[in-house]
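K.L.:
coords please:
(one chain, ligands or ions: 3)
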Amino acid sequence: MGDRFDPVKEDRFTFGLWTFGNPGRDPFGEPVRPAPNLDSIKRWLEVLSELGAYGVNLHDNDLVPFDATPAQRDEIVREFKKALDATGMKVPMATTNLFTHPIFKDGAFTSNDPRVRAFALHKTMRAIDLGVELGAEVYVFWGGREGTEVDASKDPVTAIKRYRECINFLCEYCADNGYNIKFALEAKPNEPRGDIFLPTTGAMLAFIYTLDRPDMVGLNPEVAHEHMAGLNFAHAVAQALEAGKLFHIDLNGQKFCRFDQDLRFGSEDLKGAFFLVKLLEDYQWPGMRHFDAHAYRTEDIDGVRDFCLGCMRTYKILKEKVRQFNEDPEIQGLLKEIQVSDERLEACMSRYSEDNAAFLKNEFTYDQVKDLAYKGLKYEKLDQLVVELLLGVRP
Ligand code: GCO
Ligand code: MN
Ligand code: MN
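P.N.:
Ligands and ions are numbered 1, 2, ... in the order given. Presented below is the predicted three-dimensional model:
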């Protein structure tokens, strides 16, 4: 489109091979675009690089078919690396497909059958090797099949213990091999399972602190997954960020409380997308801006290109809106009024002491706040200013 919102490598935008490669199959309809193969992947590396993307991420089987021989694997990886070099594209994140093959129909790390769990570890260790070979420094775990439809079939406490055992095992594997890689866990409430274990970013965060090596493990929150659960995504990301656990992010669009739509970033809930970008930019979060989404089923290959460009441009446009928000005198003036400060009180609340408690309990009474109870906070005005800023009519 040729303006300042066109992406450049420094923006650090990445796409999964499974995103631009998505053939548009859904539970009711056949693919509408060709299935990806090594040649089309190579072409996409060129297209994305020209568009200004920084890199691609992959599941093991996005690149190497499930049944490839070791020699075929090596040949594919060699070719792929050549294409990466030629286009300057990087692979900052990798992950394992533990959901497509029928062997994982009742879970991988939480399967009732130890043979399936063992195979999940076998597959993941090899996929981690591949990720490390390609230069990935973040390894994502999305437990798509880790769940149930039939609650009688699985004790959920046992399932969590199995999950923990596998993540612990894989952390040791990476440490033992000296791999410079961190794990990022991705929560989702349901789909493809009726219910997926550890369904929200918050649940995943609590799980991390029960692991043997919590320092190695963080989060990969996804817009769509939190919106499926009806939650405020920016709030989930903020908690991860504040805890130093935002290791990766899956950006996309999603109508609330529906099936997993994986829409173009910013195509739904623009205000939510704005506050997400604001959070990441205000806190100068250093990670990749990764898109885990796919083009509408109405699109051909040109439409997929439009989709990729759209994700990146919308992010950059919202980033510009964040700058405007932060410099808008009226908005900033209102915020100053709203965000009151009181040094004495704040110092008193910041640390418990007998004196501080006595002051708050005995001297600081309702009398001193009663005027606040019915005082308007001007949030209507503030929010309207945000809406007008997003609609492009602020000066
Ligand atoms: C989904 C998930 C996946 C994962 C991917 C990487 O709902 O299908 O979001 O796209 O992010 O498997 O782990
Ligand atoms: Mn998803
Ligand atoms: Mn995802």
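K.L.:
near ligand 1, which residues of the stretch 51-200 of the chain?
P.N.:
59, 95, 140, 142, 144, 186, 188 (CB under 6 Å from any ligand atom). For every residue, glycine as well, the C-beta is placed using N, CA and C.
K.L.:
any of the residues you listed buried? List them.
P.N.:
59, 95, 140, 142, 144, 186, 188 (16 or more other CB atoms under 10 Å).
K.L.:
the fifth one contacts Phe197, doesn't it?
P.N.:
Yep, that's Gly144 we're talking about. No. Applying CB atoms under 8 Å as the test, Gly144 and Phe197 come out as separate, 10.8 Å apart.
K.L.:
dump the buried ones among the residues of the stretch 51-200 of the chain next to ligand 1 to TSV, plus pLDDT and secondary structure.
P.N.:
Listed next are these as TSV, based on pLDDT from 0 to 100; DSSP: H, G, I helix; E, B strand; the rest coil:
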residue	pLDDT	secondary structure
His59	98	strand
Thr95	99	strand
Val140	99	strand
Trp142	98	strand
Gly144	95	coil
Glu186	99	strand
Lys188	98	coil
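K.L.:
tell me which two of those residues sit farthest apart.
P.N.:
His59 and Lys188 (15.3 Å; CB to CB).
K.L.:
need the longest helix for this protein.
P.N.:
helix 301-327 (DSSP state H).
K.L.:
skip ahead from that one and say which helix or strand is next.
P.N.:
helix 329-338 (DSSP states H and E).
K.L.:
what does the very next helix or strand once past that next one contact?
P.N.:
Next helix or strand after helix 329-338 toward the C-terminus (DSSP H and E): helix 343-350. For helix 343-350, the surrounding residues in contact (CB atoms under 8 Å, 6 or more residues apart in numbering) are 356, 359-360, 364.
K.L.:
within reach of ligand 3, which of these are there?
P.N.:
Among the contacts of helix 343-350, proximity to ligand 3 is found for none (CB under 5 Å from the ion).
K.L.:
in strands, which of the residues you listed appear?
P.N.:
Counting by DSSP state E, the contacts of helix 343-350 place none of their members in strands.
K.L.:
next, format these as CSV and append distance to Cys171 and pLDDT.
P.N.:
Output for those, formatted as CSV (distance: CB to CB, whole Å; pLDDT from 0 to 100):
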residue, distance to Cys171, pLDDT
Asn356, 41, 98
Phe359, 47, 97
Leu360, 43, 98
Phe364, 47, 97
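K.L.:
of these, which is the nearest to Phe233?
P.N.:
Nearest member of those to Phe233, counting by CB to CB, is Leu360, at 34.9 Å.
K.L.:
spatially nearest residue to the closest one (excluding sequence neighbours)?
P.N.:
Distance criterion CB to CB, 6 or more residues apart in numbering; nearest residue to Leu360, sequence neighbours excluded, is Cys348 at 6.5 Å.
K.L.:
tell me the pLDDT of that neighbour.
P.N.:
Looking at Cys348, its pLDDT reads 97.
K.L.:
quick check: the gap between it and ligand 1.
P.N.:
According to CB to the nearest ligand atom, to the nearest Å, Cys348 and ligand 1 sit 45 Å apart.
K.L.:
before we move on, the earlier item: buried residues, the longest helix of the chain. List them.
P.N.:
Within helix 301-327, the residues that qualify as buried are 303-305, 307-319, 321-322, 325, counting by 16+ other CB under 10 Å.
K.L.:
now do the strands in this protein.
P.N.:
13-16, 55-59, 93-95, 138-142, 147-148, 182-186, 195-196, 217-219, 250-251, 289-291.
K.L.:
extract the C-alpha trace of the first one and format it as CSV.
P.N.:
So that's strand 13-16. The C-alpha trace of strand 13-16 is given here as CSV (Å, rounded to 0.1, in the frame of the first residue of the first chain):
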residue,chain,number,x,y,z
PHE,A,13,6.2,-9.6,12.7
THR,A,14,6.0,-13.4,12.4
PHE,A,15,3.5,-15.8,11.0
GLY,A,16,3.0,-19.6,11.5
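K.L.:
just list what it packs against, helices and strands only.
P.N.:
Contacts defined by 3 or more CB pairs under 8 Å, 6 or more residues apart in numbering; DSSP states H and E place strand 13-16 against strand 55-59, strand 289-291, helix 301-327.
K.L.:
and Asp39, how many neighbours does it have?
P.N.:
10 (other CB atoms under 10 Å).
K.L.:
can you tell me how far Pro329 is from ligand 1?
P.N.:
Taken as CB to the nearest ligand atom, the span from Pro329 to ligand 1 is 40 Å.
K.L.:
no, scratch that, I was asking about Glu137
P.N.:
15 Å.
K.L.:
how about residues contacting stretch 85-94?
P.N.:
With CB under 8 Å, 6+ apart, stretch 85-94 has contacts from 9, 14, 45-46, 48-49, 53-60, 83-84, 127-128, 130-131, 134-140, 184, 248, 288, 290.
K.L.:
avg pLDDT for stretch 311-318?
P.N.:
Mean pLDDT, stretch 311-318: 98.
K.L.:
how far does it sit from its chain's centre?
P.N.:
Relative to its chain's centre, stretch 311-318 lies at 16 Å (CA atoms, centre = their mean, to the nearest Å).
K.L.:
before we move on, the earlier item: would you format the helices and strands packed on strand 13-16 as CSV with distance to Lys105 included?
P.N.:
Listed next are the helices and strands packed on strand 13-16 as CSV, based on distance: least, CB to CB, whole Å:
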stretch, distance to Lys105
strand 55-59, 17
strand 289-291, 28
helix 301-327, 29
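K.L.:
export these as CSV, with columns for distance to ligand 3.
P.N.:
What follows is those, written out as CSV (distance: least, CB to the ion, whole Å):
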stretch, distance to ligand 3
strand 55-59, 10
strand 289-291, 9
helix 301-327, 14
